[in-house]
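Undergrad: Model the following, please.
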Amino acid sequence: MKKTLFVLMSIQFLVYLGFGIIIPVLPEVILHQHYHEIHVGGLLTVYSLAAFFTAPFWGMLSDRVGRKTLILVGLVGFSLSFWLFSLFFDSLFMLYLSRVVGGLFSGALYAAVTGFAADLSDEENRNKYMGFLGMSIGLGFIFGPAIGGVLGHVNLALPFIVSALLLLAIFVYAFIILKEPERTGEANKRALLPKGAASLWSYRIKYLFLFSFMVTFLLAGLEATFQLFQIERIDITPLQIGYLFMFSGFVDAAIQGGVVRRIKNGTETKWLLYAQIFTAIGLFMTVFTNSIFWAGFSLCVFTAGNALARTTIVSLTSKESGGRYGTAAGMAYSMDNLGRIIGPLLFAWLFTVQPDNIYVLSGVLAILSIGLIFAFRNSKKTLKV
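TA: Have a look, this model is predicted:
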């Protein structure tokens, strides 16, 4: 059981490591090949699009062909996406194809791994298992940009080659260790719009869904443009950007582990206001970057606010759902994905037309989103009983 859980955690870690590892390398590839900067956002967006729209299919396929089979297929496909990216820097079409392939098979791995964990666990320990997988995802996000920056400093293709090899290594380990579990439930299909979700928009929980979109939208937009902005301001390198994102990742973990658990019931909206103020301050600070220290400091301030908002909004949405936890969580997940799809492309485009004002605009959006929290507070149309 422990070996099986370790394999599942390793897979989740590598999937989200793969998502993060591209952040400090992608802008350098685009600039070195003299492609338009908007393709930084485009390449991030197509990955999320492919993962999002194929997730229901992978979930159903996992229920039919088995978790282990889909995990093995997903590992090979995800590894292939990194090989393609490392080999075809000089072909924009192939770069997009590699990202689509990566998104497709990351969705397969997510569905199969979460379905596998659900089959292994029961109601009593399911939260613990999902918590372990969530921890692995968080570690992948933290170390992905750092590893990408360090290896990319040696050679821009190296992070993708190493990732591909690691995925093939875990494929061999998974083939040996994993045994198809006894089916006790369905894979997480992550439907585009959860059944019954439309009715939720008649209640004040809709403001929380919109707020969730805005939080992810701002995060995804910053991830797509931060390095491009800092290259212009302080000529930042992939190694430096990797370290900055790693350090901000530890700030994220500290906020979620140290601050969020101390939030008292009923005070969530107050903390969401604080979170967006910190988010906006971090964005406004970025405008005045003149050193690597200031770039890191502003990124950490933004991350602190964003991490506080992301975790608190999940808790508040759950409490406001009136017992319809699954439907509300599915809707919130869809809004998060929408933010991750729209954010990179829109911010990359804004960077090409207003590079000096992009974080002024995003800071203003962070402040305006506070209005959603006030609208939630003032509405009496609640699902809570």
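
Undergrad: Give me the neighbour count for residue 237.
TA: Residue neighbour count, defined by other C-beta atoms under 10 Å, stands at 18 for residue 237. C-beta: built from backbone N, CA, C; applies to glycine.

Undergrad: Measure how buried residue 222 is and give me the count.
TA: By other C-beta under 10 Å, the residues close to residue 222 number 25.

Undergrad: any idea which helix or strand carries it?
TA: Secondary structure assigned from DSSP states H and E places residue 222 in helix 205-234.

Undergrad: again with residue 48
TA: helix 38-65.

Undergrad: In that helix, which of the residues would be classed as buried?
TA: Residues 38-52, 54-56, 58-59, 61-63 are the ones in helix 38-65 that count as buried (16 or more other C-beta atoms under 10 Å).

Undergrad: Could I get the CA-only coordinates of the one helix or strand in the chain whose mean pLDDT sits lowest as PDB?
TA: Across the helices and strands of the chain, mean pLDDT, DSSP states H and E gives its lowest value to helix 197-200, namely a mean of 71. Taking C-alpha atoms only, helix 197-200 is exported to PDB below (Å, rounded to 0.1, in the frame of the first residue of the first chain):
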ATOM      1  CA  ALA A 197     -24.400  23.700 -11.500                       C
ATOM      2  CA  ALA A 198     -26.700  26.200 -13.400                       C
ATOM      3  CA  SER A 199     -29.100  26.400 -10.400                       C
ATOM      4  CA  LEU A 200     -26.300  27.600  -8.100                       C
END
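
Undergrad: Looks like residue 303 contacts residue 285 (just checking).
TA: No - applying C-beta atoms under 8 Å, one finds residue 303 not in contact with residue 285, separated by 12.0 Å.

Undergrad: Comparing these two, which residue is more hemmed in?
TA: More neighbours surround residue 303 than the other of residue 303 and residue 285, with 26 against 19 (other C-beta under 10 Å).

Undergrad: so which strand or helix has that one?
TA: Per DSSP H and E, residue 303 falls inside helix 292-320.

Undergrad: Contact partners for the residue lying closest to residue 9 once chain neighbours are set aside?
TA: Using C-beta to C-beta, 6 or more residues apart in numbering and skipping the chain neighbours, the partner closest in space to residue 9 is residue 136 (4.2 Å). Residues in contact with residue 136, defined by C-beta atoms under 8 Å, 6 or more residues apart in numbering, are 9-10, 12-13, 16.

Undergrad: Please name the residues that touch residue 171.
TA: By C-beta under 8 Å, 6+ apart, the contact list for residue 171 reads 72, 75-76, 79.

Undergrad: now it: how far from residue 165?
TA: 10 Å (C-beta to C-beta, to the nearest Å).

Undergrad: next one: residue 87
TA: Relative to residue 165, residue 87 is positioned 14 Å away (C-beta to C-beta).

Undergrad: One more: residue 90?
TA: Taken as C-beta to C-beta, the span from residue 90 to residue 165 is 22 Å.

Undergrad: Compare those two (neighbour count), which wins?
TA: Ranked by neighbour count (other C-beta under 10 Å), residue 90 and residue 165 place residue 165 first, with 13 against 10.

Undergrad: how about the nearest residue to the more buried one, chain neighbours excluded?
TA: Per C-beta to C-beta, 6+ apart, closest to residue 165 is residue 79, 8.0 Å.

Undergrad: Mind telling me what element that neighbour is part of?
TA: With secondary structure defined by DSSP H and E, residue 79 is part of helix 67-87.

Undergrad: buried set for that helix?
TA: 67-68, 70-75, 77-86.

Undergrad: Moving C-terminal from it, which element do we reach first?
TA: Heading C-terminal from helix 67-87 (DSSP H and E), you reach helix 92-120.

Undergrad: Identify each buried residue in stretch 356-365, please.
TA: Neighbour count says stretch 356-365 has 358-359, 362-363, 365 buried, by 16+ other C-beta under 10 Å.

Undergrad: Residue 240: which of those is nearest?
TA: Here the nearest of those to residue 240, counting by C-beta to C-beta, is residue 359; it sits at 18.5 Å.
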